[in-house]
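Peer 1: sequence unknown, structure follows:
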C-alpha cells in the first residue's frame with residue numbers, strides 16, 4: 001500500500017462532548033455503516049459502555065474514503081475515552097497516530113479534560129484539528145466558544161471547524177481537513193520489521209489478539225516474530241485489519257498500517273502493551289520507546305465471595321489486564337476474606353468499571369475493601385516503605401516520617417461558583433496555586449491537594465456546586481510530609497481488616513465517629529450484642545452498640561412460679577454470652593460500598 005494515502009488519527013475530547021457520535025457519522029460517510037439499521041455509538045461495543053453512556057475502551061477501525069482530490073485514502077480511526085480515569089487509553093491511542101481531532105462542545109465550551117488532552121496531543125507532536133461540535137443546540141453562544149478556543153488553545157479562527165455530529169453537519173469538512181493536515185506515516189518498507197503493540201484483547205478461540213502499528217518494514221502471514229521486551233518468539237497464525245466493523249484477514253501489513261495478529265498465544269501475561277515486534281530472521285537493532293508506565297493512584301482489595309473462585313478470579317484479571325494495561329494486581333491475604341488480590345487503579349470510576357467487568361464478563365461474585373492511596377513511610381533504619389494497604393503499615397514506634405501523594409488539580413468552573421469551590425478545596429486540605437479567566441463567565445483554577453481527598457466524592461461535589469458546569473482534571477505531583485495513622489474497626493474486639501484505613505491524624509476522630517455510626521445502621525442485628533469500635537493502636541476513639549434481636553423464651557410459660565421464667569432467662573443469658581464469644585458477625589456487601597462514601 002502507498003503510505004502517502006494512509007492517515008492515522010484519533011478523536012479526543014472531554015467526556016460527553018460527542019466523540020462516539022462523530023465516529024458514527026464518519027463511519028456512515030465512508031460507507032462502513034448504514035444509518036437506518038445501525039445502533040448509536042457503534043464503536044462502544046461493550047455493554048457497560050452503552051449502559052453508562054461513556055467510552056471506556058479506545059476502539060480502532062479502518063475505513064476507505066474517496067477524497068475530493070480524486071484519490072482513495074485509507075483512514076485508521078481511533079475513538080478514545082473522555083474521563084480522566086481513562087487517560088492512559090488516550091495516551092496509547094495518540095502514540096499510534098499522526099493527527100487528532102480535538103472536539104469542543106458548543107454548549108459547554110472548553111473543559112478540564114479538553115485542555116489535558118490537548119497538551120497530551122502536543123507532547124506526542126500530533127497535528128491537531130479543532131472542531132466545535134453540537135452547533136445545532138439552540139442555547140449556545142458560538143462567538144464566545146470560538147474566542148475561548150482561540151485564547152486558551154491558541155488556534156486561529158479559520159482553523160476551527162463548526163460541526164454537528166448528531167445531524168452530520170461539518171463531517172465532510174473534517175475528513176478533508178484530516179487528508180490535508182495530518183501527515184502520512186513515516187517509516188521505510190525495506191527496513192527490518194519494527195511494530196508497536198498498542199492494544200490487546202482475549203478471544204476464547206484465537207487466544208490473545210494483538211493490535212499492532214507497523215512503523216518500519218513489512219509484517220507478513222506466518223512470519224516468525226519476536227517480542228523484544230519479553231524475548232518470546234511466535235509464529236503469526238492470522239494477520240488482519242478491522243475494516244468496516246469486521247475482522248478481515250490480509251496477507252501482509254506494511255509500514256504505516258494498523259492491524260491485528262494472532263499467534264496462538266494462550267497466556268495473557270506473555271504480552272506487554274507498548275512492546276516492539278520484530279522479525280526473528282532480520283531483527284531491528286533498537287526497540288520503540290513504547291508507553292510511559294502509569295502508576296496506579298488508588299488501591300483496594302478484591303476478594304471472591306467463594307474461596308473456590310480464586311483461580312477463576314486470577315485468570316479473569318489476567319485477561320482483563322490485556323485490554324486495560326493501567327490495571328495492576330498482586331495476591332494478598334486478609335483475615336476476614338481469605339485469599340484475594342491487591343489491585344491498583346487510576347481512579348474510583350476505573351475501580352467501579354473493573355469490578356463490574358469482572359462480575360459481568362467472568363460471572364464472579366466479589367467483595368471490595370475500602371480504597372486507599374499509596375503512602376510512603378520512612379522508618380528508623382532509613383528505608384522508605386511503599387504502603388498501599390493498612391496491613392503493610394509498620395509499628396508506629398518505628399516511623400520517622402510519613403508522606404502522602406499530592407496532585408495538581410485543574411478545575412474549570414463558572415465565575416459565580418469560585419467561592420463555594422474554593423471553600424470545598426480548603427476543607428479538603430487543598431492549596432490555591434493560580435487562576436486564569438476563560439472569557440467573561442468561566443475561570444480556570446489550579447490547586448494542589450492530597451489525592452486521598454478527591455478520589456471518592458470530590459467530582460460529584462464539584463458538579464453539584466457548579467450546577468453541572470464544573471469539570472476537573474488531575475495529575476500526580478509529589479509526596480509531601482503528613483502525620484499518618486492507621487484506623488482499625490473492631491467488631492466485638494476482633495479487628496475487621498476490610499474496614500481498616502490509613503488517614504491523616506487530624507481527620508481520624510471525625511472519620512471514626514462517622515464510620516461506627518454508619519456501621520451501626522448497616523450491620524443487621526444478631527442474636528447477640530455487637531460492639532462496634534474504631535481504634536488507633538490500642539486507643540478506642542469511637543464506639544457504638546448494636547442491640548441483640550429479642551427472643552421470647554418464656555412464651556410457653558402460661559403461669560406458675562416466677563422461678564420457671566428466671567431459669568429460662570439464665571439459660572438464654574449464658575447462650576448469648578457464648579454466642580458473643582464464638583459467633584460470627586454477618587456483614588452485608590452494601591456495608592463495604594457505603595463505607596467508601598464516608599468523608
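Peer 2: Looks like it arrived, so ask away. Keep in mind it's a predicted model, so treat the numbers as computed, not measured.
Peer 1: by contact count, what packs against the lengthiest strand in the chain?
Peer 2: Longest strand in the chain, counting residues (DSSP state E): strand 399-414. Secondary-structure packing of strand 399-414 (3 or more C-beta pairs under 8 Å, 6 or more residues apart in numbering; DSSP states H and E): helix 112-123, strand 375-379, helix 418-427, strand 442-450, strand 471-482, strand 484-491. Any C-beta I mention is one placed from the backbone N, CA and C, and that applies to glycine too.
Peer 1: low-confidence regions, the protein specifically.
Peer 2: The chain contains residues with pLDDT under 70 at 1, 33-58, 84-85, 244-245, 290-293, 336, 550-551, 553-555, 575-599.
Peer 1: distance of the most centrally placed residue in it relative to residue 489?
Peer 2: Nearest residue to the geometric centre of the chain (C-alpha atoms, centre = their mean): residue 350, 2.8 Å. Relative to residue 489, residue 350 is positioned 26 Å away (criterion: C-beta to C-beta, to the nearest Å).
Peer 1: just to revisit the earlier point, got a markdown table for the helices and strands packed on strand 399-414, with mean neighbour count too?
Peer 2: Below are the helices and strands packed on strand 399-414 laid out as a markdown table (neighbours: other C-beta atoms under 10 Å):
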| stretch | mean neighbour count |
| --- | --- |
| helix 112-123 | 20 |
| strand 375-379 | 19 |
| helix 418-427 | 15 |
| strand 442-450 | 19 |
| strand 471-482 | 17 |
| strand 484-491 | 21 |
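Peer 1: can you check which of the ones you listed gets nearest to residue 338?
Peer 2: With C-beta to C-beta as the measure, strand 484-491 is the member of the helices and strands packed on strand 399-414 nearest residue 338 (17.2 Å).
Peer 1: from the contact counts, what lies against that closest one?
Peer 2: Packing partners of strand 484-491 (3+ C-beta pairs under 8 Å, 6+ apart): strand 399-414, strand 501-504, helix 505-522, strand 530-536.
Peer 1: what are the pairing partners of the second one, and which direction each?
Peer 2: For strand 501-504, sheet partners with direction are given as strand 484-491 (antiparallel), following DSSP bridges.
Peer 1: quick one, the strand it pairs with and helix 505-522 angle?
Peer 2: 20 degrees (axes from the mean of the first three to the mean of the last three C-alpha atoms, to 10 degrees).
Peer 1: hmm, residue 564 is touching residue 557, no?
Peer 2: Yes: the pair residue 564 / residue 557 is scored as a contact, 5.5 Å apart, by C-beta atoms under 8 Å.
Peer 1: and the helix or strand containing residue 128 with helix 112-123, angle?
Peer 2: Per DSSP states H and E: residue 128 is located in strand 127-133. For strand 127-133 against helix 112-123, the angle by the same axes, to 10 degrees is 160 degrees.
Peer 1: give me the neighbour count for residue 266.
Peer 2: Number of residues near residue 266 (other C-beta atoms under 10 Å) recorded here: 9.
Peer 1: ok, it to residue 219 distance?
Peer 2: Separation of residue 266 from residue 219 (C-beta to C-beta): 21 Å.
Peer 1: ditto for residue 393
Peer 2: Shown here: residue 393 relative to residue 219, a distance of 49 Å by C-beta to C-beta.
Peer 1: between those two, point out the one with more neighbours.
Peer 2: Set residue 393 next to residue 219 and count neighbours by other C-beta under 10 Å: residue 219 wins out with 24 against 19.
Peer 1: can you tell me the helix or strand for the nearest residue to that one once chain neighbours are set aside?
Peer 2: Sequence neighbours aside, residue 253 is the residue nearest to residue 219 in space, at 4.6 Å (criterion: C-beta to C-beta, 6 or more residues apart in numbering). Using DSSP H and E, the element containing residue 253 is strand 252-254.
Peer 1: which residues does stretch 499-511 contact?
Peer 2: Here stretch 499-511 makes contact (C-beta atoms under 8 Å, 6 or more residues apart in numbering) with 369-370, 372, 375, 387, 390-391, 393, 404, 429, 450, 452, 482-489, 515, 519, 534, 536, 541-542, 592, 595, 598-599.
Peer 1: circling back to that earlier point, now the residue nearest to residue 219: how far from residue 337?
Peer 2: 46 Å.
Peer 1: with neighbour numbers in mind, choose between those two.
Peer 2: More neighbours surround residue 253 than the other of residue 253 and residue 337, with 25 against 19 (other C-beta under 10 Å).
Peer 1: residues touching the more buried one, list them.
Peer 2: Counting by C-beta under 8 Å, 6+ apart, residue 253 has contacts 195, 212, 214, 218, 219, 239, 241, 259.
Peer 1: of those residues, which belong to strands?
Peer 2: Those of the contacts of residue 253 lying in strands (DSSP E): 195, 212, 214, 218, 219, 239, 241, 259.
Peer 1: which residue ranges form the strands in the stretch 201-350 of the chain?
Peer 2: Assigned by DSSP state E, counting those that start in this stretch, the strands in the stretch 201-350 of the chain fall at 207-216, 218-220, 224-227, 233-235, 238-243, 246-249, 252-254, 258-262, 276-279, 298-304, 328-334, 338-345.
Peer 1: rewinding a little: how about the longest strand of the chain: buried residues?
Peer 2: 399, 402, 403, 404, 405, 406, 407, 409, 410, 411, 412, 413 (16 or more other C-beta atoms under 10 Å).
Peer 1: partner strands of that strand, with direction?
Peer 2: Using DSSP bridges, strand 399-414 pairs in its sheet with strand 375-379 (antiparallel), strand 442-450 (antiparallel), strand 471-482 (antiparallel).
Peer 1: distance of the residue nearest to residue 206 when sequence neighbours are not counted relative to residue 212?
Peer 2: The shortest distance from residue 206 to any non-neighbouring residue, by C-beta to C-beta, 6+ apart, is to residue 262 (4.5 Å). To residue 212, residue 262 is 11 Å away according to C-beta to C-beta.
Peer 1: which one of those two is surrounded by more residues?
Peer 2: Between residue 262 and residue 212, residue 212 has the larger neighbour count (other C-beta under 10 Å), namely 24 against 19.
Peer 1: that one and residue 200 touch, don't they?
Peer 2: No: judged on C-beta under 8 Å, residue 212 makes no contact with residue 200 at a distance of 9.8 Å.
Peer 1: picking that back up, dump the helices and strands packed on strand 484-491 into a markdown table; add distance to residue 130 as well.
Peer 2: A markdown table is the format used below for the helices and strands packed on strand 484-491 (distance: least, C-beta to C-beta, whole Å):
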| stretch | distance to residue 130 |
| --- | --- |
| strand 399-414 | 17 |
| strand 501-504 | 42 |
| helix 505-522 | 43 |
| strand 530-536 | 52 |
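Peer 1: among the ones you listed, which is nearest residue 136?
Peer 2: strand 399-414 (23.3 Å).
Peer 1: and that closest one, how far from the chain's centre?
Peer 2: Centroid displacement of strand 399-414 relative to its chain, using C-alpha atoms, centre = their mean, to the nearest Å, is 19 Å.
Peer 1: please apply the same query to stretch 109-129.
Peer 2: Centroid separation for stretch 109-129 versus its chain: 19 Å, with C-alpha atoms, centre = their mean.
Peer 1: that one: end-to-end distance?
Peer 2: One end of stretch 109-129 sits 16 Å from the other (C-alpha to C-alpha, to the nearest Å).
Peer 1: how close does residue 101 sit to residue 18?
Peer 2: Per C-beta to C-beta, residue 101 is found 11 Å from residue 18.
Peer 1: out of those two, which sits in the busier spot?
Peer 2: Comparing residue 101 with residue 18 by other C-beta under 10 Å, the one with more neighbours is residue 101, at 28 against 23.
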